[in-house]
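Trainee: Sharing a model that was predicted from the sequence below.
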Amino acid sequence: LKNGNPLVTVVDRTGIHQLPVLYCICEARLAKDHQLFDMGLLPATFKSVESIFTFTVMEDFIVDNLECKTTGQQYYTKLQTITNSMFPHRVPNRYKQLQRASRQWRDLINRKRAGFGYENPVEEKDGCMATFCPACPQPGVNLPEDWEEHYQPEELVRHFIMDGNFSAEHMRARTGEDEVPLSEGTAFMVEPDRYKAHMKTEPIKNKKSTCNTYRAIQMANASHPHLDVTGIGATACAHGCFVPTSVVDFQKGERQMNMDYSLCQALNYNMDGIPIAVISYDIMCQYCIHLLERIDKSSFLSIPEALELRFMIGLFHIHGHQDTCLARFSPSYVRASRQVDGEIIETLWSILNNISRSTRGMSLVHRAEVLDAHMNYSNWKKLIKTVAFMLKRWKRVQDGIPLSEEAFVGLSQRFPNRVKMWAMDEAAAQAKRKDDVSVMDIYDTKTKKAPSRAEVLKTISGKEKSWESSNGEAEWISSGLNIQELQLGLRRFIRSKHGRFNTADKKALEDRRNNLQQLIDTFQYEADAYLLKQNTIRVASITTISSYVLYDRADQVDEDTPDAPDLSDDEDEPSDDIRDDDDGSSSAFPEYLNIMLPSTLGWDWCVTHGAKSLATKEAQLRIAQAHDSIHKVRLAIGFKATLIRTAVRTAKSQKTKKRAWTSVHGVDASVQEHARVYSLARDMLEALKGALPNQTTLPELRKIDMKAHTLVPGGKETGQRNQQLPWIWTFGVEANTGPTWFEELNRVHWLRAKAQLERWMEEEKTLKNEADWVPAYFKGRGDMWEERMEETDAQDNGGHHAYAAKQRQMWHQLAASATNALALIKSSDPLVKMSTFRYMQVPNIYIP
């Protein structure tokens, strides 16, 4: 006490103070906590008040926490330092009280913003206190009353991106938790009781993965004794907003039943009547197989009736899948996927991870509230930047459509007799996709190819499992093949610099050499167990691989191509002061180190030292390596030839032609790289001659074989009667399997060019619709607050009335600003020319 008045600790932004408090003792006085509220003070407890926080410090802490990811401990330590920089430890410690008060403050602010406390109470339901995306079509929110008549199904598409995050883990509590939840299930984290009941159901046992192994699959049943939550799974929209009530905790890793619950929650949030949902997940090729079966058998999962689901894999993750997944699940070929890459949730994790570390030791309910607050803040920042982001997208559409249209029309005019058939095939495939994704294989070449290296490795490894003594040999050999490919690539990088290395080049070279050296050290260490088996060998007896410098200029075009740039400049020849190809003078560098493989030791050595089995396995992998390399050479040359025909020859100006040639030469590096790898496989296979029955020498790859043929065989041009394609176009391709490789490449290039243009057209149409939906969302929120303002008496409830007026003004201002800014998009003419549509079969909504 001080002068008879109780002393309390007042925590303010200016510091921590000990002050006496004099309460009103009039007969009509308010309760003590109400008196404190009226003075802008928040008590830490409502019984015996000893600590008080000013509204200012609470607002400051919340902003610091949301924007700067400052933890409660860091913030309170800052206040102690402000109060007494010499002896901050002497300042009263009210950290626990700050944590408790901040939970109450967050809940009060969330309820006020959601509209609680007015005459017509807000229903406390799932997601009622969450902010969501203004650009996603939502019936009853931003769509007109006659929206079902106003829009066609392909226009009303919701996009969802699913993913897991293993950084948001939670430590298992040593003692029981007794904290009371304040608002479970009203924001982004799911309501826990129903979710726990779902997780107790028996999961459907899925078959073994038919695609590459991913971290999500590997972690599916991971368990950590010190953690009761190993991460979170979430679903976000394509605009980067977390979907309310769709964030789930992982108990044993990222299991399908966890993500099923997240997805179903998202598909039931403001989705009444929406006909199509496009869903992206990094392991969708496996996840979608039994999805509908799992939903149908669960009493806790459901999706809206008549909702069509379209599945895809994000553009970043899909390149780690098997080749077949690209055509079947790439966003580039999924109708209504627009220009969505399916990876935006990855950018959200990077921000959320900054606060996830501080939630590991909180109680589960406090952790959920903090994560909810940060996801809500993330959505709010997306919301206020929606218009600016739409204008950026519109600029990309204006740039993307003319380029895509030019490429598509050029290809269509080149093959007028085949376009109609290709378009009909594509339309049929798109119609059947929801029942069988394999029909999307039309976006890839149909000719039967030899087994790839990955397939051969899988076959050999499967056989090894039955022989414990040889288990892992194929993987070890394959790693050696990878090292040699990296060595070739690094040698080429050095040659391309001609001895002129800047600081960045030197750093890149050093990093690549260090990484390569580590791989070689590991490989050579394992060589003793797999190959040498305690035998000694002279380093000089190991064959040195060539650098295949002759392919540095394997970028020829037809002589009939006008204005082809001169490629004979000697400047690109390797510089003698940078490397010495094959004489061993540069062997100190990892790119010239000889590694021990059966092929570098030779077939005779393998026979003498009992390594015939290893040699046979390497020979099989080398043949597959050769087939893979030639296949990639074919694709690159075919694409290059198409660019020359459709871009270089049709260029109207020098600037356009220069840009076209830049694109052409961008393909050259790929041709050269795979040519070197093929020749390496050919030479190493020759060193193992005898390892396989009826083994023949692979054809030599010459520059003339990699000539980019710019004339279409069988076309109307003269002088083609006796023209023969080089051997690479039939190498590894089963005879009599239909069209030639060149015809297949033309078809695939046309289909992919058409798909690219369609995705841009979908983006254009969607942006025009969003130009209506976004202002409607803002105006709807403003009208809601206007109703609350009008129903509140300014005299009796002045605070309620003033806050409603403030919210109404904010939302109506956002609506007016969005309407003005997006008028440019709404009033613009269609970007695709009418003449282009004669080559396409697309829904009428895209035809002006």
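Mentor: Nice, thanks for sending it over. Numbering: from 1, shown residues only.

Trainee: contacts and neighbour counts: CA atoms only from here.
Mentor: Will do.

Trainee: would you list every one of the helices in the stretch 651-800 of the chain?
Mentor: 654-687, 741-790, 798-827 (DSSP state H, counting those that start in this stretch).

Trainee: Kindly report the same for the stretch 51-200 of the chain.
Mentor: 55-68, 72-83, 95-114, 147-150, 192-199.

Trainee: ok, back up a step: among the helices of the stretch 651-800 of the chain, which comes closest to Ala236?
Mentor: Closest to Ala236 of these is helix 741-790 (C-alpha to C-alpha; 17.6 Å).

Trainee: Now do that closest one: which elements does it pack against?
Mentor: helix 386-414, helix 419-432, helix 612-643, helix 798-827 (3 or more C-alpha pairs under 8 Å, 6 or more residues apart in numbering; DSSP states H and E).

Trainee: Next, the most centrally placed residue in the chain: phi, psi?
Mentor: Relative to the mean C-alpha position of the chain, the nearest C-alpha, by C-alpha atoms, centre = their mean, is the one of Glu343, at 2.8 Å. Taking degrees, to the nearest 10, you get phi -130, psi 10 for the backbone angles of Glu343.

Trainee: Roughly how far does it sit from Asn165?
Mentor: In this structure, Glu343 and Asn165 are 13 Å apart, going by C-alpha to C-alpha, to the nearest Å.

Trainee: what touches both of the two?
Mentor: Residues touching both Glu343 and Asn165 (C-alpha atoms under 8 Å, 6 or more residues apart in numbering): none.

Trainee: hmm, which helix or strand of this protein has the shakiest average pLDDT?
Mentor: The helix or strand of the chain with the poorest confidence is helix 215-218; it has a mean of 52 (mean pLDDT, DSSP states H and E).

Trainee: What's the first helix or strand after that helix?
Mentor: Using DSSP states H and E, the next helix or strand after helix 215-218 towards the C-terminus is strand 227-229.

Trainee: Quick check: Gln524 touching Leu593?
Mentor: No - the criterion here is C-alpha atoms under 8 Å, and Gln524 misses it with Leu593 at 10.8 Å.

Trainee: Tell me where the model's unsure across the stretch 351-500 of the chain.
Mentor: Applying pLDDT under 70 to the stretch 351-500 of the chain picks out residues 447-449, 464-471.

Trainee: Recalculate using a threshold of 90.
Mentor: Residue ranges of the stretch 351-500 of the chain with pLDDT under 90: 351, 353-354, 356-358, 360-363, 406-407, 409-420, 444-476, 478-479, 492-493, 495-500.

Trainee: Count the neighbours of Gly117 for me.
Mentor: Per other C-alpha atoms under 10 Å, the neighbour tally for Gly117 reads 11.

Trainee: Please apply the same query to Lys434.
Mentor: Lys434 has 14 nearby residues by other C-alpha under 10 Å.

Trainee: Spatially nearest residue to it (excluding sequence neighbours)?
Mentor: Arg310 (6.9 Å; C-alpha to C-alpha, 6 or more residues apart in numbering).

Trainee: Phi, psi for the one you found please.
Mentor: Torsion angles, degrees, to the nearest 10, at Arg310: phi -120, psi 130.

Trainee: same thing with Val8?
Mentor: The phi/psi pair for Val8 (degrees, to the nearest 10) is phi -130, psi 160.

Trainee: residues contacting the closest residue to it other than its chain neighbours?
Mentor: The shortest distance from Val8 to any non-neighbouring residue, by C-alpha to C-alpha, 6+ apart, is to Glu50 (4.8 Å). Counting by C-alpha under 8 Å, 6+ apart, Glu50 touches Leu7, Val8, Thr9, Pro43, Ala44.

Trainee: Out of the helices of the stretch 651-800 of the chain, which is the most enclosed?
Mentor: Between the helices of the stretch 651-800 of the chain, helix 741-790 has the highest mean count of neighbours, a mean of 21, where neighbours are mean count of other C-alpha atoms under 10 Å.

Trainee: pLDDT on it, on average?
Mentor: For helix 741-790, mean pLDDT is 91.

Trainee: Can you give the distance of it from its chain's centre?
Mentor: 19 Å (C-alpha atoms, centre = their mean, to the nearest Å).

Trainee: returning to what we had before: hmm, the residue nearest to Lys434 is touching Ala277, no?
Mentor: Yes - using C-alpha under 8 Å, Arg310 makes contact with Ala277 at a distance of 6.2 Å.

Trainee: before we move on, the earlier item: would you agree the residue nearest to the centre of the chain is in contact with Ser330?
Mentor: No - between Glu343 and Ser330 there is no contact under C-alpha under 8 Å: 11.9 Å.

Trainee: Identify the contacts common to these two.
Mentor: Gly314, Leu315.

Trainee: Excluding sequence neighbours, find me the nearest residue to Leu391.
Mentor: Leu391 sits nearest to Leu822 (C-alpha to C-alpha, 6+ apart), 7.6 Å away.

Trainee: Now do the contacts for the one you found.
Mentor: Contact analysis of Leu822 by C-alpha under 8 Å, 6+ apart lists Val387, Leu391, Ala771.
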